[in-house]
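[1] quick check, what structure comes out for this input:
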Amino acid sequence: MKFCSFCGRQAADYANFCPRCGRPFTLRTVPQKPALGHHDRMAIAGFVLSLMGLLSFITTPLQIVSLILSLACGDAKRCKVLRVLGIVFSCVALFLSCCFWIVFFSDPQYFLDQILYPEYIY
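    The predicted structure is shown next:
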């Protein structure tokens, strides 16, 4: 059974109008969450790629792509926190990557020896 929102009279479920006042029954709709926009999806992708860049900080192109995605999604409405975290994580990963490559290119043989023969310490 449903009730008229104007006069309060009870009516059958199939009724389209109130039997007392004649007003139409209005359908109550559940508000839908808006779909993620293009910029929100870019913010999510930038955040995920920045996490992947932190886990493997050797892959510099991945960090650059994640930073570009995070910076390009300036109009992200629902994912602002992910956008900021993506920028921060990308910058940290790029810094770690630069440190790694500086150390590697300063003495690549020492670095490779540490990986290939870890039991031998100089």
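[2] tell me the secondary structure of the nearest residue to Leu82 once chain neighbours are set aside, please.
    If you skip the residues right next to it in sequence, Leu82 has Phe47 as its closest partner in space, 4.2 Å away by CB to CB, 6 or more residues apart in numbering. Glycine gets a C-beta too; all of them are placed from N, C-alpha and C. On the three-state scheme (DSSP: H, G, I helix; E, B strand; the rest coil), Phe47 is labelled helix.
[3] for Phe47, give me its contacts.
    Phe47 is in contact with 66, 70, 79, 82-83, 85-86, 89, counting by CB atoms under 8 Å, 6 or more residues apart in numbering.
[4] go again using 7 Å as the cut-off
    Taking CB atoms under 7 Å, 6 or more residues apart in numbering as the definition of contact, the neighbours of Phe47 are 70, 82, 85-86.
[5] quick check, nearest of those residues to Met52?
    Distances from Met52 to the contacts of Phe47, taken as CB to CB, are shortest for Gly86 (11.0 Å).
[6] and the spatially most distant residue from the centre of the chain, what element?
    In the chain, counting by CA atoms, centre = their mean, Arg20 sits farthest out from the average C-alpha position, at 52.1 Å. For Arg20, there is no helix or strand it lies in under DSSP states H and E.
[7] for it, list the residues it contacts.
    For Arg20, counting by CB under 7 Å, 6+ apart, the contacting residues are 4, 7, 9.
[8] got the contact list for the residue nearest in space to the middle of the chain?
    Nearest residue to the geometric centre of the chain (CA atoms, centre = their mean): Ile44, 2.4 Å. Neighbour list for Ile44: 79, 82 [criterion: CB under 7 Å, 6+ apart].
[9] my guess is Phe3 contacts Asp13, does it?
    No - using CB atoms under 7 Å, Phe3 is not in contact with Asp13, being 11.0 Å away.
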